[in-house]
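>>> attaching a predicted model along with its sequence, questions to come.
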There are 2 protein chains.
Amino acid sequence: MSAIDMQQKPQKRPDEGDLHPCAACGIRDMAICSVLAPDELNQLVAITRDVNFSQGQTIIDEGEQADFLFNLTQGAIRLYKLMADGRRQITGFLFEGDFLGIALNEQYAYSAEAIGEVTLCRFPRQKFEVMLDEFPHLEKRLLGVASNELAQAQDQMLLLGRKTAREKVVSFLSALSRRAVDRESDASPVYLPMSRADIADNVAATTETVSRTFTVALERVRS
Amino acid sequence: MSAIDMQQKPQKRPDEGDLHPCAACGIRDMAICSVLAPDELNQLVAITRDVNFSQGQTIIDEGEQADFLFNLTQGAIRLYKLMADGRRQITGFLFEGDFLGIALNEQYAYSAEAIGEVTLCRFPRQKFEVMLDEFPHLEKRLLGVASNELAQAQDQMLLLGRKTAREKVVSFLSALSRRAVDRESDASPVYLPMSRADIADNVAATTETVSRTFTVALERVRS
DNA sequence: CGGTGCATTGATCAGAATCAATGATCGTGG
DNA sequence: CCACGATCATTGATTCTGATCAATGCACCG
């Protein structure tokens, strides 16, 4: 399977102050955890394991049994689907605080790879679902997340289906910028952790087209 | 599955049909209502109104206040997004039993129009959300629906971004066929309630391309 | 009938893909 | 420290798929 880093701090009784594993978490208030009361959070922590992946490693694989769900705490991830002949569509990118695995079907609907170094909280799906039954507000939050993703997916369909190469790149950049604002990191310049090939496979173009579009845009900025 | 299934096989019972508005409903066991116990269903019915739309009428409008959610009981609907210059992307089609309005944000994320005559159950959103809080299993069901739609959206992105015109049409037809099987109507020949223009705007092509692709396919079938 | 809306077929064009080469950046080991 | 190779980005030349433009066919309907 995957080369998961085993090293992690033993998860102490969370109610013992600063030893709480979530205490230092920078994304607590944007992640799904934010809706949990302290004791509920402890229950979640009890089924959580921290896992790490390095550059290019596969986190989940389309079609595999969906045994785990994740919360991305550090780094960035690309989600994608592959065709038999290698054509790839990147359906989205995840950043710190994002939830991975919202599609609660039996199998994963897409694959996910680490862009650079990545850290996630990993939850066993079975146990997580039990928690959903216990905490309806967590379920509600998840429904909200799904709802947002659905809206994003609609936008992406419009982009893929009806926008020109130029418009695609513009939309891609401004979406990234908006997300940066949301997570209160710098919105300008926009940081692009992913390669041109990743961008191309996200907006359905080639690396050449993406590169050329950037160049033209820069020329315009200069004049 | 709930206890409802046992008593609900026969679809039409004229004598007891007059008593309960859902008794004659052909889609009860595939719609979200299927998870509700009889008394819960009555509560839902209490906030439900039946509404009708005819050919081409707008059911919801992108950007408008999302005051209502729907269950499609008869007919077919196209969901779409428009760009300022008229370019259109049809993000999906809904058929009998499908839920409309899963994106529970303040505004509708897309527009919806009737293809032919359409009947829906309409729920006021506020009241529906109260019911979600009362009946977690309904919420769970909705999360399942959202999950499925998300997976479908991923597939559509792959289609729009990386498939050839031919592959798009093939995927479109087989998806329709699969859905027909699911709803136990005829899967062959596939019934196409929507126009060529609708198909084109769904798979991101032109009517000409769709038409030509059909023609070529038919020629191949003959030989 | 003639008119209207949709579907099909044909001819040409353009935007982005593909093919090909060069440039830039970075890590590694001599 | 520099040379080398690997990887990724940029730029250029050519091709090709599907869009656009245009005309005709077909069914339905007052």
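That came through fine.
>>> does chain B sit close to whichever helix in chain A runs longest?
Longest helix of chain A, by residue count under DSSP state H: helix A:136-162. Yes - for helix A:136-162 and chain B, the contact criterion (C-beta under 8 Å from any C-beta of the partner chain) is met by A:136, A:139-140, A:142-144, A:146-151, A:153-158, A:160-162. To be clear about C-beta, it is placed using only N, CA and C from the backbone, and glycine gets the same treatment.
>>> how far does that helix sit from its chain's centre?
Here helix A:136-162 is found 13 Å from its chain centre; the criterion is C-alpha atoms, centre = their mean, to the nearest Å.
>>> between helix B:136-162 and that helix, find me the angle.
Relative orientation of helix A:136-162 and helix B:136-162, computed by axes from the mean of the first three to the mean of the last three C-alpha atoms, to 10 degrees: 20 degrees.
>>> the residue lying closest to A:S54 once chain neighbours are set aside is in what secondary structure piece?
Using C-beta to C-beta, 6 or more residues apart in numbering or on different chains and skipping the chain neighbours, the partner closest in space to A:S54 is A:E117 (5.6 Å). Per DSSP states H and E: A:E117 is located in strand A:111-124.
>>> do you know how far A:P124 is from A:Q65?
Applying C-beta to C-beta, to the nearest Å, the value for A:P124 to A:Q65 is 12 Å.
>>> picking up where we left off before, now do the residue nearest to A:S54, the pLDDT please.
As predicted, A:E117 sits at a pLDDT of 93.
>>> next up, the contacts around it.
Counting by C-beta atoms under 8 Å, 6 or more residues apart in numbering or on different chains, A:E117 makes contact with A:52-55, A:74-75.
>>> quick check: it vs A:L72, distance?
Distance, A:E117 to A:L72, by C-beta to C-beta: 12 Å.
>>> got it, and A:S54?
Distance of A:S54 to A:L72, given as C-beta to C-beta: 15 Å.
>>> these two: who's more crowded?
Each of A:S54 and A:L72 has its neighbours counted (other C-beta atoms under 10 Å in any protein chain shown); A:L72 has more, 23 against 12.
>>> the more buried one against A:L120, yeah?
Yes - counting by C-beta atoms under 8 Å, A:L120 is a contact partner of A:L72 at 5.3 Å.
>>> give me the common contacts of these two.
Counting by C-beta under 8 Å, 6+ apart, the contacts common to A:L72 and A:L120 are A:L100.
>>> for the residue nearest the centre of chain A, which non-adjacent residue is closest in space?
Nearest to the geometric centre of chain A sits A:L94, at 2.3 Å (C-alpha atoms, centre = their mean). Leaving aside its sequence neighbours, A:L94 sits nearest to A:I77 (C-beta to C-beta, 6+ apart; 4.2 Å).
>>> the one you found: what secondary structure?
strand (DSSP: H, G, I helix; E, B strand; the rest coil).
>>> burial count for it?
A:I77 - counted by other C-beta under 10 Å - has 24 other residues nearby.
>>> please name the bridge partners of it.
A:L94, A:A114 (DSSP bridges).
>>> ok, it touching A:G116?
No - at 9.5 Å, A:I77 does not count as touching A:G116 under the criterion of C-beta under 8 Å.
>>> next, the contact list for the closest residue to A:A153 other than its chain neighbours, please.
Spatial nearest neighbour of A:A153, excluding adjacent residues (C-beta to C-beta, 6+ apart): B:A153 at 3.8 Å. By C-beta under 8 Å, 6+ apart, the contact list for B:A153 reads A:150, A:153-154, A:157, B:91.
>>> in PyMOL, how would I select the buried members of these?
Of the contacts of B:A153, the buried ones can be selected in PyMOL as follows, counting by 16 or more other C-beta atoms under 10 Å in any protein chain shown:
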select buried, (chain A and resi 150+153+154+157) or (chain B and resi 91)
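>>> so which elements touch the helix or strand of chain A with the lowest mean pLDDT?
Least confident element among the helices and strands of chain A, by mean pLDDT, DSSP states H and E: helix A:207-222 (a mean of 89). Counting contacts by 3 or more C-beta pairs under 8 Å, 6 or more residues apart in numbering or on different chains; DSSP states H and E, helix A:207-222 packs against helix A:165-182, helix A:196-203.
>>> hmm, it in reach of DNA strand D?
Yes - interface with DNA strand D: helix A:207-222 contributes A:207-208, A:210-212, A:214-215 (C-beta under 7 Å from any atom of the strand).
>>> how far away is A:L69 from B:V216?
As for A:L69, its distance to B:V216 is 44 Å (criterion: C-beta to C-beta).
>>> give me the more crowded residue out of the two.
More neighbours surround A:L69 than the other of A:L69 and B:V216, with 23 against 12 (other C-beta under 10 Å).
>>> I'd say the more buried one and A:D98 touch.
No - counting by C-beta under 8 Å, A:L69 stays clear of A:D98, with 11.8 Å between them.
>>> what sits against the nearest residue to A:T209 once chain neighbours are set aside?
Closest residue to A:T209 apart from its sequence neighbours, by C-beta to C-beta, 6+ apart: A:A165 at 5.1 Å. When contacts are counted by C-beta under 8 Å, 6+ apart, A:A165 touches A:203, A:205, A:209, A:213.
>>> how about the last one, nearest residue that isn't a chain neighbour?
When you say that, I think you mean A:T213. The shortest distance from A:T213 to any non-neighbouring residue, by C-beta to C-beta, 6+ apart, is to A:V169 (4.5 Å).
>>> can I get stretch A:211-219 in PDB, CA atoms only?
In PDB, the C-alpha atoms belonging to stretch A:211-219 read as follows (Å, rounded to 0.1, in the frame of the first residue of the first chain):
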ATOM      1  CA  SER A 211       2.000  28.600 -21.000                       C
ATOM      2  CA  ARG A 212       1.200  30.800 -24.000                       C
ATOM      3  CA  THR A 213      -1.900  32.200 -22.300                       C
ATOM      4  CA  PHE A 214       0.200  33.200 -19.300                       C
ATOM      5  CA  THR A 215       2.800  34.900 -21.600                       C
ATOM      6  CA  VAL A 216       0.200  36.900 -23.500                       C
ATOM      7  CA  ALA A 217      -1.400  38.000 -20.200                       C
ATOM      8  CA  LEU A 218       2.000  39.200 -18.900                       C
ATOM      9  CA  GLU A 219       2.700  41.100 -22.100                       C
END
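>>> assign A:D29 to helix, strand or coil.
Classification of A:D29 by three-state DSSP places it in coil.
>>> for it, grab phi and psi.
Main-chain torsions, A:D29, degrees, to the nearest 10: phi -90, psi 0.
>>> list the buried residues in stretch A:158-175.
Under the neighbour-count criterion of 16+ other C-beta under 10 Å, stretch A:158-175 has A:158-163, A:165, A:167-173, A:175 buried.
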